[in-house]
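Engineer: This is the structure alone, sequence omitted:
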């Protein structure tokens with residue numbers, strides 16, 4: 001008899017997490033498993049993508065989930081101030097004891113798969129139902145000593161109620177602290193069918209993906225633009241937000257705390273920059289990577305950068321910042337360049353160097369390709385995850 005797997009996905013946008021989830025679903029043996037995906041946010045675009053891939057998926061009708069109140073990210077980039085902490089804990093308690101149990105009762109399944117560490121509140125309710133669970137850790141959890149939030153809301157829930165933890169990086173695995181249940185199945189990308197264009201290495205074109213997200217290093221990149229050499233062009237992919245001017249008491253508080261000030265200024269300066277090309281939202285990253293000489297991914301907070309792996313597979317070097325965990329997949333002066341975090345001058349110097357040294361850029365890109373082929377392809381990682389799914393499925397009582 002087939003085992004029934006229920007995937008729960010938190011976000012409403014297409015990105016690294018849903019890509020990873022769909023790759024796993026495609027690889028699972030359909031003669032052994034029936035699979036359904038529940039999207040917590042109403043997202044016509046995402047549900048159409050999944051259905052277009054032949055994946056059985058539904059959107060939750062619960063407004064509490066649609067508003068994002070059942071996903072709690074306690075990662076290196078999350079900003080939990082005191083005034084938001086009380087609200088988050090309140091929502092976490094509501095989700096765990098009221099809304100999640102009711103939601104799980106709607107579905108017939110054997111294994112619950114949580115596609116993010118921000119869904120740990122689902123584990124206990126699933127355990128009470130006598131079901132098995134797998135949680136994918138795709139974010140670097142914060143590590144703080146004597147931290148009751150991390151210990152109770154995340155680490156304790158995973159240790160006590162999860163049957164398996166699958167992390168996409170070694171750094172993410174270490175941060176869970178649940179070593180006896182954790183395996184590593186890296187996030188991967190498809191191998192291009194065509195080779196890199198030789199002339200692209202001397203194109204002086206650079207690609208950045210991530211839009212105006214602070215953790216992606218957007219502000220640092222904008223600060224670096226005036227220091228780039230002549231003829232260097234930065235392609236910026238992703239959604240660029242408009243400067244936000246909040247009025248009233250909330251606006252006064254934000255002004256006093258200087259919230260969003262740097263981001264607003266960066267978005268405003270981008271309008272007048274003459275060495276950028278705005279790509280916007282795109283599904284055609286591969287064509288862009290064929291055209292540029294390198295990728296720039298100046299993350300300001302620890303996080304796995306999938307575009308780096310995609311760049312490697314196009315034999316393009318990556319310029320990154322020295323965030324925690326980056327040494328797992330970027331080797332300085334071997335597969336790319338690592339610069340100090342939040343240092344626009346050093347970032348500009350690295351971009352100028354790659355753009356003016358096409359031979360070195362090609363060599364770095366080829367080294368990155370060898371690394372990606374060895375560790376970050378479907379063949380290298382899917383079987384690891386599928387074997388873990390089979391192990392968890394074997395724990396189900398017949």
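Structural biologist: Sure, I can see it. As the structure is a prediction and not an experimental result, all values here were calculated from the model. Residues are numbered from 1 along each chain as shown.
Engineer: For the rest of this, base every contact and every neighbour count on C-alpha atoms.
Structural biologist: Noted.
Engineer: which element follows the lowest-mean-pLDDT helix or strand in the chain toward the C-terminus?
Structural biologist: When the helices and strands of the chain are compared on mean pLDDT, DSSP states H and E, helix 248-257 comes out lowest with a mean of 54. Per DSSP states H and E, the first helix or strand lying C-terminal to helix 248-257 is helix 261-270.
Engineer: And the strands in the stretch 151-300 of the chain?
Structural biologist: 164-167, 182-184, 205-209, 233-237, 276-280, 294-297 (DSSP state E, counting those that start in this stretch).
Engineer: got the contact list for the third one?
Structural biologist: Put plainly, it is strand 205-209. Strand 205-209 is contacted by residues 232-238, 288-289, 291-297, 307, 351, 355 when judged by CA atoms under 8 Å, 6 or more residues apart in numbering.
Engineer: correct me, but residue 282 touches residue 238?
Structural biologist: Yes: between residue 282 and residue 238 a contact is recorded at 7.1 Å, counting by CA atoms under 8 Å.
Engineer: Compare neighbour counts for the two and give me the winner.
Structural biologist: Neighbour totals were compared for residue 282 and residue 238, and residue 238 leads with 16 against 11 (other CA atoms under 10 Å).
Engineer: got the domain boundaries for the protein?
Structural biologist: Here the domain parsing of the chain from automatic domain parsing is 3-187+378-394, 198-375.
Engineer: Could you give the separation of the longest one from the chain centroid?
Structural biologist: Here domain 3-187+378-394 shows a centroid-to-chain-centroid distance of 13 Å under the convention CA atoms, centre = their mean, to the nearest Å.
Engineer: Looking at the strands of the stretch 151-300 of the chain, which is nearest to residue 140?
Structural biologist: strand 164-167 (9.5 Å; CA to CA).
Engineer: Let me know which of the strands of the stretch 151-300 of the chain is tucked in deepest.
Structural biologist: Comparing those by mean neighbour count (mean count of other CA atoms under 10 Å), strand 294-297 comes out on top with a mean of 29.
Engineer: which residues are contacting that strand?
Structural biologist: Contact with strand 294-297 is made by 201, 205-209, 216-217, 289, 305, 307-308, 311, 316-321, 351, 354, 361, 365, as judged by CA under 8 Å, 6+ apart.
Engineer: With stretch 316-336 instead?
Structural biologist: Applying CA under 8 Å, 6+ apart, the set of residues contacting stretch 316-336 is 169-171, 289, 293-304, 308, 311-312, 337-342, 347, 350-351, 361-362, 364-369, 371.
Engineer: And the residues you listed, which of them are buried?
Structural biologist: 169, 171, 289, 293-304, 308, 311-312, 337-339, 341-342, 347, 350-351, 361-362, 364-369, 371 (16 or more other CA atoms under 10 Å).
Engineer: Which of those fall in helices?
Structural biologist: Judged by DSSP state H, the buried ones among the contacts of stretch 316-336 include 171, 289, 308, 311-312, 347, 350-351, 361-362, 364-369, 371 as members of helices.
Engineer: Below-threshold pLDDT in the chain: ranges please.
Structural biologist: Applying pLDDT under 70 to the chain flags residues 69-84, 143-152, 243-259, 398.
Engineer: one step back: determine which stretch of the domains of the chain is the most buried.
Structural biologist: Highest mean neighbour count among the domains of the chain (mean count of other CA under 10 Å): domain 198-375, a mean of 19.
Engineer: What's the end-to-end length of that domain?
Structural biologist: End-to-end distance for domain 198-375, by CA to CA, to the nearest Å: 25 Å.
Engineer: Run the chain-centre distance for that domain.
Structural biologist: Relative to its chain's centre, domain 198-375 lies at 15 Å (CA atoms, centre = their mean).
Engineer: Tell me where the stretch 101-250 of the chain has helices.
Structural biologist: 123-128, 148, 157-161, 170-176, 218-224, 248-257 (DSSP state H, counting those that start in this stretch).
Engineer: Run through the neighbouring helices and strands of the first one.
Structural biologist: Spelled out, it's helix 123-128. For helix 123-128, the elements it packs on are helix 100-104, strand 132-137, helix 157-161, judged by 3 or more CA pairs under 8 Å, 6 or more residues apart in numbering; DSSP states H and E.
Engineer: Kindly report the same for the fourth one.
Structural biologist: Helix 170-176 sits against strand 182-184, with contacts defined as 3+ CA pairs under 8 Å, 6+ apart.
Engineer: Direction included, what does the strand it packs on pair up with?
Structural biologist: Paired strands of strand 182-184, with direction, are strand 164-167 (parallel) (DSSP bridges).
Engineer: who touches the strand it pairs with?
Structural biologist: Strand 164-167 is contacted by residues 133-138, 158, 173, 181-186, 385, 388, 392 when judged by CA under 8 Å, 6+ apart.
Engineer: how does it look with 6 Å?
Structural biologist: Applying CA atoms under 6 Å, 6 or more residues apart in numbering, the set of residues contacting strand 164-167 from outside is 134, 135, 136, 137, 173, 181, 182, 183, 184.
Engineer: and what of stretch 55-67?
Structural biologist: Here stretch 55-67 makes contact (CA under 6 Å, 6+ apart) with 36, 37, 38, 39, 40, 41, 42.
Engineer: now the end-to-end length of that stretch.
Structural biologist: Distance between the two ends of stretch 55-67: 24 Å, counting by CA to CA.
Engineer: Many thanks, have a good one.
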